[in-house]
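Visitor: Predicted coordinates and the sequence they were generated for:
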Amino acid sequence: MNIDKQYPSVAHLEASAKRRIPGFARDYMFNGISRGVSVRKNQESLDQVELMPRYTNQADKPNQRCHFLGREYRAPFGVAPMGLSGLVWPNSERILAAAAKSQGIPYTLSTVATISLEETRTIAGDHAWFQLYTPQEPEVRKDILRRCAAAGYETVMVTVDVPFKTRRDHDIHNGLSVPPRFDLKTLWQMGTHPGWALRMLRTGVPQFVNLKPYHDAGQSSNVGRSIRESTKYIEERMGLHITAQRFEEIRAEWAGKLLVKGVLDPEDAKMYMALGADGVIVSNHGGRQLDAAPSAVSVLPQIRAAVGPDVPLIADGGVRTGLDIARMLALGANFVLMGRPFLYAVAALDQAGGEHVMGILKAELQSTMGQLGCPTLDDLPQFLVGNSAG
Ligand SMILES: Cc1cc2nc3c(=O)[nH]c(=O)nc-3n(C[C@H](O)[C@H](O)[C@H](O)COP(=O)(O)O)c2cc1C
């Protein structure tokens, strides 16, 4: 199979992914919250961003290498944290962590991932970042951060936009649970997706391995019980408002780079920066938390204006092409994250998916910069239509 020809874009991978995974996993990955307004808004607002080509410019070798948070990356984008990725496609965390390392971009592991933070650091090396959902007990939080430091992580992002139990209609309707509940409907969905089901059998039932030590002191060998306890732990003992005081505690506990993920309000961005954050991720969580939330695109210019030119800003939500990456950078981001496109790619192509989609995005960004006449990433804001500084 010639995958370059068959899957030239994220859209092609998405169409294939849709067919290859069972309905409950598909709904969990594709959908947002409520009526899906903010998911649609994320992509629609990107579509509205216009860039002006300058055909008189000389830009034969656009350079997309990027210095960010003290490291050099081969492209200005990385993999966003995605909890339960291993349920959407077995082994997806390992595949994406390895691909990120070989492609020279960061991979972020979620607290509620299905492989351990220690294993991820071994696979992705310096390219591994960690995302923290804050447990209610400070001792557990401290221990997770201690493990991150011991494993060699340099960058942790604390997610602030899940302060309360999330209610997603599709997941409730499907009875989405970990492990998947084996009623007739889910069994039918699994049986009609044998590629997924066989891989799941080989990989084993996904577990929230990073949280297991905190509710399962005896490290129970009963997988079912351990998973049920993890799920209960997440529902009952995680999810907090990251107030100024809590953020200061986390800052004091983590000596490495600390990013704040899920900021939409310019005042919040300023506050976290004043409390010692090293950067802000402007994000509405892929439209999965609050259906009335604005898109990153619509607030990014105000956040940039509020924090000034030197604060590292990352943006995500709805980015599907190299052109979209250029749009986010033109609007004031220094770096871009994507979630779903990477899961589409592994669901479509298994092992080959990670590197393939990263290659597509790099090639599209290169072609966009060449078309614009833009020699470096820092020049992109000059091409934004309506940017008076341009
Ligand atoms: C299946 C899925 C699981 C997610 N899990 C997490 C998570 O555990 N922690 C987190 O901070 N964000 C999580 N997110 C949000 C992503 O990190 C990111 O903000 C979002 O996916 C970006 O939008 P995009 O999917 O349109 O690229 C998740 C997103 C998806 C699609």
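Guide: Perfect, thanks for sending it. Numbering: from 1, shown residues only.
Visitor: In three-state terms, how would the closest residue to the ligand within the stretch 151-300 of the chain be classified?
Guide: Per Cβ to the nearest ligand atom, Gly286 is where the stretch 151-300 of the chain lies closest to the ligand, at 3.0 Å. Placement of C-beta: from N, CA and C, glycine included. The local conformation at Gly286, judged by DSSP: H, G, I helix; E, B strand; the rest coil, is helix.
Visitor: Check the spacing between the closest residue to it other than its chain neighbours and the ligand real quick.
Guide: Distances taken as Cβ to Cβ, 6 or more residues apart in numbering place Gly339 nearest to Gly286, at 5.3 Å, with adjacent residues excluded. Going from Gly339 to the ligand by Cβ to the nearest ligand atom, to the nearest Å gives 2 Å.
Visitor: Pull the number of nearby residues for Gly339.
Guide: 23 (other Cβ atoms under 10 Å).
Visitor: Equivalent analysis for Gly195, please.
Guide: 14.
Visitor: which SSE is it in?
Guide: Using DSSP states H and E, Gly195 maps to helix 194-203.
Visitor: Ala293 in helix, strand or coil?
Guide: Of the three states, Ala293 takes coil under three-state DSSP.
Visitor: right, and it touches Val37 too?
Guide: No: Ala293 is beyond contact range of Val37, at 9.2 Å (criterion: Cβ atoms under 8 Å).
Visitor: which one of those two has more residues nearby?
Guide: Ranked by neighbour count (other Cβ under 10 Å), Ala293 and Val37 place Ala293 first, with 24 against 16.
Visitor: Near the closest residue to that one other than its chain neighbours, how many other residues are there?
Guide: Using Cβ to Cβ, 6+ apart and skipping residues adjacent in sequence, the residue nearest Ala293 is Asn284, 4.1 Å away. As a burial measure, Asn284 scores 30 neighbours (other Cβ under 10 Å).
Visitor: quick one, what contacts Arg168?
Guide: With contact taken as Cβ atoms under 8 Å, 6 or more residues apart in numbering, Arg168 is in contact with 28, 31-33, 288.
Visitor: tell me the contacts of Ala292?
Guide: By Cβ under 8 Å, 6+ apart, Ala292 lies in contact with 37-38.
Visitor: one more time with 10 Å, if that's ok
Guide: Contacts of Ala292 were listed using Cβ atoms under 10 Å, 6 or more residues apart in numbering, and they are 33-34, 37-38, 41, 284.
Visitor: Next: Leu258.
Guide: By Cβ under 10 Å, 6+ apart, the contact set of Leu258 is 132, 145, 155-158, 247, 250-251, 272, 275-279.
Visitor: Sitting in helices, which of those residues do you find?
Guide: Here DSSP state H is the test, and the contacts of Leu258 give 145, 247, 250-251, 272 as lying in helices.
Visitor: Out of the residues you listed, who's the most crowded?
Guide: Neighbour tally across those (other Cβ under 10 Å): the maximum, 25 neighbours, falls on Tyr272.
Visitor: Was I right to think that one contacts Ile303?
Guide: No: if you go by Cβ atoms under 10 Å, Tyr272 and Ile303 don't touch, sitting 11.1 Å apart.
Visitor: what about Thr186, neighbour count?
Guide: Counted with other Cβ under 10 Å, residues neighbouring Thr186 total 19.
Visitor: tell me which element it falls in.
Guide: Using DSSP H and E, Thr186 falls within helix 184-191.
Visitor: list the buried ones in that helix?
Guide: By neighbour count with 16 or more other Cβ atoms under 10 Å, helix 184-191 contains the buried residues 186, 189-190.
Visitor: ok, so of those residues, who is nearest Leu331?
Guide: Lowest distance from Leu331 to these (Cβ to Cβ) belongs to Gln189, with 39.3 Å.
Visitor: so what's that closest one closest to, chain neighbours aside?
Guide: Nearest one to Gln189, counting by Cβ to Cβ, 6+ apart, is Pro22 at 3.6 Å.
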